[in-house]
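Visitor: here is my input, please return the structure:
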Amino acid sequence: MVDENTQLEADIRALEGLPVFVAYNANVDAIVRVDEDVESYLDRPSDPGERQPPSPLASKRDLATAITHTMAAGRGDEVAMTDEFSATLEAEFEPDSQQMGGQTGIMTNLVSALGASPVTYTYLLSDRQLSMFDHPDGVEYPKVEDGEVAFIPLREAINTDRTKINWVFEFRVDDELFGVRATEDTRFIAASRPPEFDLVAGDLDDNVDQVGAVVEGALLAGYHNLTPDHVEEGYEQAHRHARDVIRRLRSGSEDGLQVHIEYAVTHDEALRESMYEWILPEADVVGADTHELTLLHDDADLKAVETPPTEATPFEPAEILTHYRMLEAIRDELGIGCIQLHAMEYHLAVMESYPHPDAVARGLEFSAVNAATKAALGNITSPEDLETGLEYEPSAKGREAISLLADHLDETAENGVLSTPRVAACPNRVVKDPAGTVGIGDIVSSSSFVLELAIANEHDETGTRDSPAT
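Guide: Numbers count the residues shown, from 1 in each chain. Okay, here's the model as predicted:
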């Protein structure tokens, strides 16, 4: 059996130069630790911790309601702000730090750090946003001129002086705000919604097949960034346009471009319904966390299980059977090849007619190393950083859960890893005192997907891989 270090080295080598398209949402995260200064700035909400936050957030009291509810619930959350309140926060409040935010930004930083070759598109690329990219010289931007896509260095793609800012309020167990104590280490995100984040990428939309012709796969996200104020013709029209763009992107590939769509929480039920109908069925893979999985299951009214597990209750290994049933029901309803779950103790994928299912378990194991590294260090800037992730043992609780699932399926898990043509699972590597939690789900999904692509290439390719610029 190959040892962990040798396997990790092989995984990293497989990613070298892998071209992948990443779009659409990048922003700057303004990080704030919840403390007395936050409490003194905000207005005390009625019934702190008990009320669901309004959407969108329009005042300091709304924000306090949202943060205290998240602290009491023990799971991360995100709610959009009005444009006016977003401007107020930016003008009046100073963050403790700032970092790359947005699924596209986070995933681009990871895949470029691991040696892949991302082609990245986002709507607003300012100097401030550019400064958040860890390896800008390793990232290309698709610029359209006279109907032809040119892959230019990211540094040459600055197109605005405006920047999308999301406010990330982080807290640890027992941190307190307006008398509410945090029950878990997590965060609340107050998200801005600039009108440019409308799923329209200008001339690129009509020519995106040229991108599909030179990349091996696509990591797509940001379909939840719409607001009624910025989409005059409604969510359905915007998502139907985005669906057509995905199809055009895929049409440029001779080999059937693999598309991963990363789901994201929104409290707008109509927006979730539109994404479910028009966007998710276009994916080869959908990635979600446990909260997002419950939303998908409940919104689709599938009734695969009576009571989905929640983060508010102690972990029970048998809940993996519930997650498996929910994933299978959603995958079948959407008609997609694979849906992946990143939970605290394990990562789980359910598949059907999915190319190279043997690559999925290896991708999940790789993602667990990436997740632990991100949690321990706060960021991943080079392949060498992943050695830190190996220092954390696979979760014993995750192993126990996967063993139960293997028994249920009449299969065998080897060293805690389950790998079959229909189901793959591996234990996570849990960091008890994380340096940061924002973006770990995006790290899991992107690292597993790009390694799956690379392994598929090893199986399929007989020649060498060209970069987008050649």
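Visitor: mind listing the helices for the stretch 101-250 of the chain?
Guide: Defined through DSSP state H, counting those that start in this stretch, the helices belonging to the stretch 101-250 of the chain, from first to last, are 103-113, 127-130, 203-207, 209-212, 235-251.
Visitor: save those as a markdown table, and put in mean pLDDT and distance to Glu306 too.
Guide: Every residue, glycine included, has its C-beta placed from N, CA and C. A markdown table is the format used below for these (pLDDT from 0 to 100; distance: least, CB to CB, whole Å):
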| stretch | mean pLDDT | distance to Glu306 |
| --- | --- | --- |
| helix 103-113 | 98 | 32 |
| helix 127-130 | 98 | 45 |
| helix 203-207 | 98 | 43 |
| helix 209-212 | 98 | 42 |
| helix 235-251 | 98 | 30 |
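Visitor: list the contacts of the helix or strand that contains Arg272.
Guide: Using DSSP states H and E, the secondary-structure element containing Arg272 is helix 269-278. Residues outside helix 269-278 that contact it (CB atoms under 8 Å, 6 or more residues apart in numbering) are 223-224, 226, 235-236, 238-240, 242-243, 263, 266, 295-296, 299-300, 334.
Visitor: what's the PyMOL syntax to select whichever of those are buried?
Guide: Buried residues among the contacts of helix 269-278 (16 or more other CB atoms under 10 Å), as a PyMOL selection:
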select buried, resi 223+224+226+235+238+239+240+242+243+263+266+295+296+300+334
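Visitor: which SS class is Ile446?
Guide: Quick fix: residue 446 reads Ser, not Ile. Local secondary structure at Ser446 is given as helix here, using DSSP: H, G, I helix; E, B strand; the rest coil.
Visitor: mind checking pLDDT for the residue sitting furthest away from the middle of the chain?
Guide: Here the chain has its C-alpha centre computed as a mean, and the residue farthest from that point, by CA atoms, centre = their mean, is Asp146 with 33.3 Å. We note a pLDDT of 97 for Asp146 in this prediction.
Visitor: same question, Thr464
Guide: Thr464 is assigned a pLDDT of 40 by the prediction.
Visitor: avg pLDDT for the helix or strand Glu39 falls within?
Guide: Counting by DSSP H and E, the element that carries Glu39 is helix 36-41. Along helix 36-41, the predicted local confidence has a mean pLDDT of 97.
Visitor: could we number from 18 for the rest of this?
Guide: Shifting the count to begin at 18 puts that one at helix 53-58.
Visitor: other residues contacting whatever helix or strand comes next after that helix?
Guide: Next along the chain after helix 53-58, taking DSSP H and E as the criterion, comes helix 77-90. Counting contacts by CB under 8 Å, 6+ apart, the residues outside helix 77-90 that touch it are 51, 55, 58-63, 65-71, 74, 93-94, 96, 102, 106, 186, 188, 192, 194-195, 197-200, 203-205, 207, 328-329.
Visitor: stretch 410-426 too?
Guide: For stretch 410-426, with CB under 8 Å, 6+ apart as the criterion, the contacting residues are 332, 334-338, 341, 362-363, 365, 385, 429-430, 433-435, 437, 439-440, 442-447.
Visitor: in PyMOL, how would I select the buried members of these?
Guide: A single PyMOL command is used to select the members of the contacts of stretch 410-426 judged buried by 16+ other CB under 10 Å:
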select buried, resi 332+334+336+337+338+341+362+363+365+385+430+433+434+435+437+439+440+442+443+444+445+446+447
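Visitor: narrow the contacts of stretch 410-426 to those in strands?
Guide: 363, 365, 435, 440, 442-444 (DSSP state E).
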